[in-house]
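Q: My questions are about this predicted structure, shown below with the sequence.
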Amino acid sequence: MDTAELTELGQQLRVDSVRACAAAGSGHPTSSMSAADLMAVLLANHLRYDFDRPAHPANDRFVLSKGHASPLLYAAYKAAGAIDDDELLTFRGLGSRLEGHPTPRRLPWVETATGSLGQGLPVGVGIALAGSRLDHGDHRVWVLCGDGEMAEGSVWEAAEHAGHEHLDNLTVIVDVNRLGQRGPTRHGHDLDAYARRFQAFDWHTVQVDGHDVDAVDRAYGEALSTRGQPTAILARTLKGKGVEAVQDREGLHGKPLADAEEAIAELGGLRDLRVEVHEPPVTRMLHSVPTGRLDLPRWEKGDPEEGVATRDAFGQALAALGTARGDIVALDGEVGDSTRTESFAKEHPERFFECHIAEQQLVATAVGMATRGWLPYASTFAAFLTRAYDFVRMASVSGAGINLVGSHAGVAVGQDGPSQMGLEDLAMFRAVHGSTVLYPCDANQTAGLVAAMAGLDGIRYLRTSRGASPVIYGPDEEFPVGGSKVLRSADGDRLTVVAAGVTVHEALKAADALDVEGIAVRVIDLYSVKPVDRDTLRRAAEETGCLLTVEDHHEEGGLGDAVLDAFTDGRPVPRLVRLAVRTMPGSASPEEQLHAAGIDADSIAASARLLVETAVLP
C-alpha cells in the first residue's frame, strides 16, 4: 500500500477498535489507537502470512505482547479477511472467539496467550530461536509491545538472550505512547532511554514517529535488512490518537470512548478496506520426526548397591528419548550438570538450549518452541521454577504442550538449606489447569515417566531428587500416568501409607519395622500426583480404614491434598493423617532433614503405631 492507503488503513483499524469496544461496553480502545499505524504498515507491506494456513511453516509470526490491545488485532484480522464485521462486534461476548485478551485456544492465528504483560517478547525469542536454530527457515518474528511493560524484568531477560543469540529474525516494535493505566510510564516519550537499554544488549535500534506511515515502513525495511542483531523499533505514539477527547489524556485506559459515534465521525467514518497480506515464500522445510526405536536406560532391582538418583535417570532417559525422536529439545537454566540435562546436551548439542539463570526466559523459550511443533523439556531446580510461575500459568492459558522438570526437590537436598529446597512445587503445578504432576521414586520409574510425558497434553511436571535411591522396580515395569503401585499389601493391613519419591523408601523401611511388631501396613507409591489414582486409594481406605500420607513437601497443596481429591464425589472421607514438612529447615544431612521434618521411617512407624493404638481404643 502507498502512503494514502496506509493512512486510511490505520484510521480503519482505529474506527474498528472503537466500534468493538463500544459493542462490548469494555476494552482498551485508546491502547489500540496508538498502535494502529504500526499495525497497518506491518499488515499491508511486510507481514508474510497465509491466514488460511496458520500452521504454514514459512509464515511470519506475530505476537501481540500488549494483549489488552486485542481490538486492534481483531480489526487487523477483519482487514485481512480472516473474520467479518459481524464477528468483530461480538468482542468480549459469551462464546465469542474474540476474547478480551487473545488466546490460541480460540483463534488459530494467535501464537501465544498474552495479557500478563512482559511475556510476548520472551515467547517471541523462543519462536525466533526455533526458526534460526531448528527450522532453519527465513520467516520472521514480529512482537508488538507496550512501553509500560518495558518495566518487567522478563523483557530484559528476553532482550539479553536475543542479543546473545544474534536473533536477526526477530523484531520488537515498542509502542511508546507515554501513558500506562494510572498515569505516565517511567520514561514517557524518551525514546533514547529505551534505545540505550536495547543497545546494551546488542540490539539494533530504530527510533521513529509511530504515526508517520512512511517512516514506519522504512523502519521495518531496516529491520529486515539488519544482520547479526535483533531489531527494536521504538515508535513515539499518542494514546487515543485521532480523537481529541481522549488523545494523550490520562485516566482513560481500559475504557470505551464516551461517545463512540462522534469519535468514529472524527476519525473519518466507517471504512471497509481489504488487505492482501503477502503470501509466505514457497519453501521446503523439513521438520524433525521420530527417527528410531526408543531404548530407555535399564537398571536391575537392587543394582547398583548405592542406588540411582532420579535426576540421573532423568538425564539418561531424556538423552535416549532425543535419539529416538528428532522433535525433542532440551532447555536448562544453567544447572545442567545438576539437573543432568548435560547428558542430552552431549548427545544432541544442536537441540540443546542454554537459557542461563533466567527462569522466566527458560519457560518462555519452551512455550515459543512448542508453538513451532517442537517438544521441549525444560529443567532447573524445583525451587527456582517459582520465579517463572506466571509463565507456566499463561502457558496453560495458551494450551501449550511443554514438559518441565524440577530437580533438588524437598528437604532431602540436605546441607544446601531451604533456599534450594523445592517445597511448594507440587502445589504449584497441581493448581495449573489441565496439568500432569509426576514424582518418581526410582530410576526405572523415572525413565518410564520421562517417555510417557512426551505423549501427554498441556503442562507436564516431573519432580526429581538429588540423592541416590534404591532401584525397587524392574526395567520392564509399566507406570501409566494416573496410576500408582501397591508395594505391600495383605488381608490384615491395619492402615495404608501413601508416599511418593524419596518417602516411598522411608515408608518401606517403616513397614518392615512394623511388620516385626505384628502391625501389617499397606504401602502405596503414588507416583502420579495428578491425575491421582482414585480407585486404588478408595479401595485402600475401605480395606484398611486409615490413610497416612507422607511427603517431602509443605503440607498445603501437595500429596495429602492430592489424596483427598480421590474423595471429592460425596464419598465419606476416610481417617486421614498427613506427615509433611511443617517447619523451616536449616542445613543438615539428608537423613537429619527427613527426621527433623518428621517424614523419615522412624516418624512414619511412630505415627502408624499411634494410629493403630487409637483405632482399638473404646
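A: Right, received. Where do you want to start?
Q: Let's verify Ile233: helix, strand, or coil?
A: strand (DSSP: H, G, I helix; E, B strand; the rest coil).
Q: does it have beta-bridge partners, and which?
A: Following DSSP bridges, Ile233 is listed with bridge partners Ile173, Val206.
Q: so it sits right up against Val174, yeah?
A: Yes. Using Cβ atoms under 8 Å, Ile233 is in contact with Val174, at 6.9 Å. Quick note: C-beta positions are derived from backbone N, CA and C, even for glycine.
Q: more crowded one of these two?
A: Between Ile233 and Val174, counted using other Cβ atoms under 10 Å, the more crowded position is Val174 (31 against 24).
Q: where does the more buried one land on pLDDT?
A: Looking at Val174, its pLDDT stands at 98.
Q: And the helices in the stretch 101-250 of the chain, which stretches?
A: For the stretch 101-250 of the chain, helices defined by DSSP state H, counting those that start in this stretch occupy the ranges 120-129, 153-164, 191-200, 213-225.
Q: Among those, which comes closest to Leu594?
A: helix 153-164 (35.4 Å; Cβ to Cβ).
Q: who's in contact with stretch 559-570?
A: Stretch 559-570 has contacts (Cβ atoms under 8 Å, 6 or more residues apart in numbering) with 426-427, 430, 437, 439, 498-500, 526, 529-530, 532-534, 537-538, 541, 547, 549-551, 553, 573-574, 576, 578, 580.
Q: and the closest residue to Lys530 other than its chain neighbours, how far is that from Ala580?
A: Nearest non-adjacent residue to Lys530, counting by Cβ to Cβ, 6 or more residues apart in numbering: Val437, 4.1 Å away. Distance of Val437 to Ala580, computed by Cβ to Cβ, to the nearest Å: 16 Å.
Q: Mind checking which of these two has more residues around it?
A: More neighbours surround Val437 than the other of Val437 and Ala580, with 28 against 21 (other Cβ under 10 Å).
Q: hmm, back to that, quick one: the residue nearest to Lys530 is in a helix?
A: No. Per three-state DSSP, Val437 lies outside any helix segment and is strand.
Q: isn't it right up against Val529?
A: Yes. Here Val437 reaches Val529: they are 4.3 Å apart, a contact under Cβ under 8 Å.
Q: tell me, what's touching these two both at once?
A: Leu426, Arg430, Ala562.
Q: Let me know the pLDDT of the last one.
A: It refers to Ala562. The model's pLDDT for Ala562 equals 97.
Q: Mind telling me what element it is part of?
A: Using DSSP states H and E, Ala562 sits in helix 559-564.
Q: which residue is nearest the centroid of the protein?
A: Val392 (3.2 Å; Cα atoms, centre = their mean).
Q: Okay, that residue and Leu456: tell me how far apart.
A: Distance from Val392 to Leu456, counting by Cβ to Cβ: 15 Å.
Q: rewinding a little: quick one: closest of the helices of the stretch 101-250 of the chain to Leu170.
A: Leu170 sits nearest to helix 120-129 of all the helices of the stretch 101-250 of the chain, at 4.0 Å, using Cβ to Cβ.
Q: pLDDT below threshold where in this structure?
A: 283-291, 615-618 (pLDDT under 70).
Q: longest single helix anywhere in it?
A: Among the segments of the chain that qualify as a helix by DSSP state H, the longest is helix 3-24.
Q: And Asp25, how far from Gly434?
A: Careful, residue 25 is Gly and not Asp. Distance from Gly25 to Gly434, by Cβ to Cβ: 31 Å.
Q: Which residue of these two possesses the greater neighbour count?
A: Taking neighbours as other Cβ under 10 Å, Gly25 and Gly434 compare with Gly434 leading, 12 against 9.
Q: The closest residue to that one other than its chain neighbours: neighbour count?
A: Excluding the flanking residues, the one nearest Gly434 by Cβ to Cβ, 6+ apart is Gly458, at 4.0 Å. The local packing of Gly458 (other Cβ under 10 Å) involves 15 other residues.
Q: can I assume Gly458 is in contact with Ser435?
A: Yes. Counting by Cβ under 8 Å, Gly458 touches Ser435, with 6.0 Å between them.
Q: list residues touching both of the two?
A: Ser396.
Q: re earlier: between the shared contacts of Val437 and Val529, which is closest to Ala309?
A: Looking across those and measuring by Cβ to Cβ, the closest to Ala309 is Leu426, at 18.8 Å.
Q: Who are the contact partners of the nearest residue to the closest one once chain neighbours are set aside?
A: Among residues not flanking Leu426 along the chain, Gly558 sits closest, at 4.3 Å (Cβ to Cβ, 6+ apart). Under the criterion of Cβ under 8 Å, 6+ apart, the neighbours of Gly558 are Leu426, Ala427, Arg430, Val529, Glu551, Ala580.
Q: Now with 7 Å, please.
A: Neighbouring residues of Gly558 by Cβ atoms under 7 Å, 6 or more residues apart in numbering: Leu426, Ala427, Glu551, Ala580.
Q: Now the first one, what are its backbone angles?
A: Dihedral angles phi and psi of Leu426 (degrees, to the nearest 10) take the values phi -60, psi -40.
Q: Surely it and Asp552 touch.
A: No. Contact between Leu426 and Asp552 fails when scored by Cβ atoms under 7 Å: they sit 9.5 Å apart.
Q: sorry, back to before: distance-wise, check the residue nearest to Leu426 relative to Trp203.
A: Distance from Gly558 to Trp203, by Cβ to Cβ: 43 Å.
Q: Equivalent analysis for Gly183, please.
A: 28 Å.
Q: So between those two, which is more surrounded?
A: Remark: of Gly183 and Trp203, Trp203 carries more neighbours, 23 against 10, as counted by other Cβ under 10 Å.
Q: Contact partners for that one?
A: Per Cβ under 7 Å, 6+ apart, neighbours of Trp203: Ala159, Gly163, Gln229, Pro230, Thr231, Ala232.
Q: Nearest residue to Gly27 in space, ignoring adjacent ones along the chain?
A: Using Cβ to Cβ, 6+ apart, the nearest residue to Gly27 is Cys21, at 3.5 Å.
Q: Just to check, that neighbour is in contact with Leu72?
A: No. Contact criterion Cβ under 7 Å: Cys21 and Leu72 do not qualify, at 10.5 Å.
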